[in-house]
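[1] next input, structure requested:
(one chain, ligands or ions: 1)
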Amino acid sequence: MTTPVIGVLALQGDVREHLIALAAADAVARPVRRPEELAEIDALVIPGGESTTISKLAVLFGVMDPLRERLRAGMPVYGTCAGLIMLADKILDPRSGQETFGGIDMIVRRNAFGRQNESFEAAVALKGVDGDPVEGVFIRAPWVESVGAEVEVLAEHDGHIVAVRQGNALATSFHPELTGDHRVHALFVDMVRDNA
Ligand SMILES: NC(=O)CC[C@H](N)C(=O)O
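    Predicted coordinates for the structure are as follows:
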């Protein structure tokens with residue numbers, strides 16, 4: 001495959017940081033928010049932000065269904081934080097009307113770490129990333145309450161699942177795009193190349 005073209009869903013959230021991290025990991029990165037733009041990418045990142053807002057805007061911009069279709073067809077996807085929530089087949093505590101794209105057979109709890117600690121950083125050993133643990137930046141982060149048989153758990157923090165993979169879908173509760181360490185994005189770009 002030539003250099004993969006990876007979109008960053010640009011409805012809301014930290015889009016710019018993902019564009020920078022993907023470019024550093026040798027992908028062509030571009031913001032996408034319209035169904036026609038979705039058709040032109042090899043893979044997609046769903047950024048952190050606010051999952052209820054992303055859900056509403058996805059419906060408004062007409063990308064909810066086209067994106068679900070592409071995910072069902074196996075397009076590689078990586079979601080961070082709110083993006084992880086958007087990839088969950090089920091949310092434990094959804095706001096009314098909140099929908100997800102789905103794609104990972106898991107149940108997530110929103111703002112799960114929030115009660116103890118709104119935001120924090122912790123070293124996270126992530127399967128698939130060699131060397132030092134990654135710096136996990138958790139911002140009102142969800143955790144994964146439970147996963148189905150097809151889901152591989154890649155990392156835990158304090159006994160809670162914070163990174164998973166199912167087929168071509170990768171998700172982390174934390175934000176590697178905010179750290180300047182591009183190893184997780186490089187892992188995703190490798191997934192995209194393997195898929196080609
Ligand atoms: N940093 C984040 O993406 C926070 C996620 C946010 N708490 C949500 O529920 O969408």
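
[2] tell me the contacts of the residue minimising distance to the centre of the chain?
    Taking C-alpha atoms, centre = their mean, the centroid of the chain lies closest to G79, which sits 0.5 Å from it. With contact set as C-beta atoms under 8 Å, 6 or more residues apart in numbering, G79 has these partners: 45-46, 85-87, 169-172. The C-beta positions use only the backbone N, C-alpha and C, and glycine is treated the same way.

[3] equivalent analysis for M191, please.
    Contact analysis of M191 by C-beta under 8 Å, 6+ apart lists 43, 76, 78, 168, 170.

[4] using PDB, list the CA coordinates for the one helix or strand the third one maps to.
    Y78 belongs to strand 77-80 when elements are defined using DSSP states H and E. Output for strand 77-80, consisting of C-alpha atoms alone and laid out as PDB, is shown next (Å, rounded to 0.1, in the frame of the first residue of the first chain):
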ATOM      1  CA  VAL A  77     -10.800   2.700  13.200                       C
ATOM      2  CA  TYR A  78      -9.200   4.100  16.300                       C
ATOM      3  CA  GLY A  79     -11.200   5.800  19.000                       C
ATOM      4  CA  THR A  80      -9.700   7.800  22.000                       C
END
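
[5] name the strands paired with it and say parallel or antiparallel.
    Strand 77-80 pairs in its sheet with strand 43-46 (parallel), strand 169-172 (parallel), by DSSP bridges.

[6] which single one of the contacts of G79 is nearest to the ligand?
    Nearest to the ligand among the contacts of G79 is I85, at 5.3 Å by C-beta to the nearest ligand atom.

[7] assign a three-state SS to the closest one, would you?
    helix (DSSP: H, G, I helix; E, B strand; the rest coil).

[8] I'd say it and R109 touch.
    No. Between I85 and R109 there is no contact under C-beta atoms under 8 Å: 9.4 Å.

[9] now do the shared contacts for the two.
    Counting by C-beta under 8 Å, 6+ apart, the contacts common to I85 and R109 are P142.

[10] the more surrounded of the two?
    Neighbour tally, I85 and R109, criterion other C-beta atoms under 10 Å: the higher count belongs to I85, 31 against 19.

[11] could you report the neighbour count for the closest residue to that one other than its chain neighbours?
    Leaving aside its sequence neighbours, I85 sits nearest to S51 (C-beta to C-beta, 6 or more residues apart in numbering; 4.0 Å). By other C-beta under 10 Å, 29 other residues sit near S51.
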